[in-house]
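Trainee: Model the structure of this input:
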Amino acid sequence: DAIWANNLFEHLLSPHHFLMELRKHAHKDTLLILGVPVVPWAPFLMRLKKFRGSLASNHINFFTAKTLQLTVARAGWKVLSARSFFIDNALLDTFATGLAAPHVYVVAKNNIDFTYPEKKVREWEDDEHYADLLRATKQKA
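Mentor: Numbering: from 1, shown residues only. Below you'll find the predicted structure:
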């Protein structure tokens with residue numbers, strides 16, 4: 001009923017494909033909990049040690065809180081929450097996450113009505129590199 005991936009996403013060659021593949025194994029009510037170190041919106045925060053983890057040498061993908069949410073949504077997941085879960089109060093925690101959280105957890109639900117735009121699917125149809133991804137897009141939960 002839940003998929004948990006913490007400190008994994010930033011290491012993957014294709015995060016989008018990973019999210020699409022997860023949908024194949026997810027039910028309509030499956031929750032995804034995805035924890036990712038994020039690059040802060042304010043560059044000066046990178047001088048603080050707690051923010052440098054997002055730039056670790058073995059990371060090959062880099063996200064802000066916003067780009068992480070968009071990446072999850074564009075792969076067929078409905079984002080329910082994106083915050084650090086550092087402060088008990090959800091409103092305060094969401095505000096603090098937007099300002100300066102070094103790590104964000106996205107909680108998302110499988111969007112069973114998700115479809116790629118038809119134009120994009122047509123672009124990919126004749127390209128063998130997208131065959132697996134196209135198969136994943138056709139799977140319903």
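Trainee: pLDDT wise, what is the residue of the chain positioned farthest from its centre at?
Mentor: What lies farthest from the middle of the chain is residue 126; by C-alpha atoms, centre = their mean that is 27.2 Å. Looking at residue 126, its pLDDT reads 84.
Trainee: Kindly report the same for residue 28.
Mentor: 89.
Trainee: Tell me, please, where in the protein the pLDDT is lower than the cut-off.
Mentor: Scanning the chain for pLDDT under 70 picks out 86-87, 89, 92-101, 138-141.
Trainee: which residues of it fall in helices?
Mentor: Assigned helices in the chain, in chain order: 15-25, 65-73, 90-100, 118-124, 131-137 (criterion: DSSP state H).
Trainee: Flag every buried residue along stretch 3-17.
Mentor: Residues of stretch 3-17 classed as buried by neighbour count (16 or more other C-beta atoms under 10 Å): 3, 5, 9, 10, 15, 16. For the C-beta atoms, the positions are set from N, CA and C on the backbone; glycine is no exception.
Trainee: Residue 71 touches residue 63, doesn't it?
Mentor: Yes: the pair residue 71 / residue 63 is scored as a contact, 6.9 Å apart, by C-beta atoms under 8 Å.
Trainee: Just give me the residue right at the centre of this protein.
Mentor: Centre-nearest of the chain using C-alpha atoms, centre = their mean is residue 72, 3.8 Å out.
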